[in-house]
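J.: Let's see this in three dimensions:
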Amino acid sequence: MSILREIQAAILQENPDLGTILLKLRFLASRLGSEPLEDWVKYEAEGYPKDADIPAYRVAALSFRGSWSGPFGSGINNAPIPTALVEKHASKEWTRYKIKESIATVQEMAASGKTMGINASNLILLLQGKVYEGYACNSIDAEMSSIAFQEIVQTVRARILELTIELEKRVPEAIEVTLQQVITSKTPETAAAVTQIFNQTVYGNVTHVIATDGAQVTLAITAGDTVSMVSELARAGLPEGAAKQITDIVASEGPPTGDEPLGPKALGWIKQNAPKAASGAWKIGSAVATDLLKEAALRYYGLK
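T.: Presented below is the predicted three-dimensional model:
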């Protein structure tokens, strides 16, 4: 039986061992030449490192409770704190927790049915005097429901199945891979097709720009968020100053009225700075930079 068929058979079981399935998928990804798929499988199996992008399905909502002491010995204990209040006085980052643990740990937490406690002691200072007037905040606890872990398990399971189905349809040579047999027709086009299928099935709404040399640049930009656009452009190879300049221009010009995603000021900026990209002063070529900025603008405007 081919590795792909083994994965499909295992993923359809009632309580699949995702750890073992991911090992088989990593083997298949290696044989097909898709490094992005290999990386995703590795992170899911071993846990995500600090510098890795966390998929949206691994970001869970937190709920908050706190205790306060007031005048004349009064107090409020274990009272819920509205999420909107945390976001207002702290940030949205506090209300969204990135689950980086391995899929084995996630499955174990999902099966336990227990809530997970998160250290939120730093919120005491940020929310002091802003929840109950005249009361001193003594403690804040953050919790994440076990449902979040169950949803991750179900999402990973569904996306592995969808991935293998699409590989079967669009990359026929994927079915040829077994432990004993390595496909002889593997080409850069095959690897690119596998990576494209992976991007569509696993990440969905994340933009990927393919450079002329086959290198892949990934953009995860939130619509209307200049901070994420600057950060992603800098990570893709633009100097931080240049990334901020073009982001400010894109933000000021607003959404396009025609087919061109960039306005005249942005296009003028690209023309002016093209020699820098061509000379190697930037870590990205001029042709790729233009495509990159167009994709970034579309994502910033919420059009892609």
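
J.: from here on, contacts and neighbour counts on C-alpha atoms
T.: Fine.

J.: contacting residues for the spatially most central residue of the chain?
T.: Centroid-nearest residue in the chain, with CA atoms, centre = their mean: Pro55, separated by 3.0 Å. Neighbour list for Pro55: Tyr203 [criterion: CA atoms under 8 Å, 6 or more residues apart in numbering].

J.: how about Lys114, phi and psi?
T.: Phi and psi for Lys114, reported as degrees, to the nearest 10, are phi -90, psi 150.

J.: and it, how many neighbours?
T.: Residues near Lys114, counting by other CA atoms under 10 Å, number 13.

J.: Could you check how far it is from Ser145?
T.: Per CA to CA, to the nearest Å, Lys114 is found 7 Å from Ser145.

J.: same question, Asp53
T.: For Asp53, the distance to Ser145 - CA to CA - is 23 Å.

J.: Give me the phi and psi angles of Ala90.
T.: Per degrees, to the nearest 10, the backbone of Ala90 is at phi -110, psi -90.

J.: close enough to count as contact, it and Leu125?
T.: No: applying CA atoms under 8 Å, one finds Ala90 not in contact with Leu125, separated by 9.7 Å.

J.: higher neighbour count, those two?
T.: Taking neighbours as other CA under 10 Å, Ala90 and Leu125 compare with Ala90 leading, 16 against 13.

J.: any idea of the pLDDT on the more buried one?
T.: In this model, Ala90 is scored at 89, pLDDT.

J.: Quickly note the distance from the nearest residue to it once chain neighbours are set aside to Ser63.
T.: Leaving aside its chain neighbours, Ala90 sits nearest to Leu126 (6.1 Å; criterion: CA to CA, 6 or more residues apart in numbering). Going from Leu126 to Ser63 by CA to CA gives 16 Å.

J.: Of the two, which one has the most company?
T.: Using other CA under 10 Å, the more surrounded residue of Leu126 and Ser63 is Ser63, with 19 against 13.

J.: where exactly do the strands run in the stretch 151-300 of the chain?
T.: Along the stretch 151-300 of the chain, the stretches classed as strands by DSSP state E, counting those that start in this stretch are 207-210, 216-219.

J.: pLDDT score assigned to the nearest residue to Trp282 once chain neighbours are set aside?
T.: Spatial nearest neighbour of Trp282, excluding adjacent residues (CA to CA, 6+ apart): Leu238 at 5.9 Å. Note for Leu238: predicted pLDDT of 85.

J.: With that, I have no additional questions.
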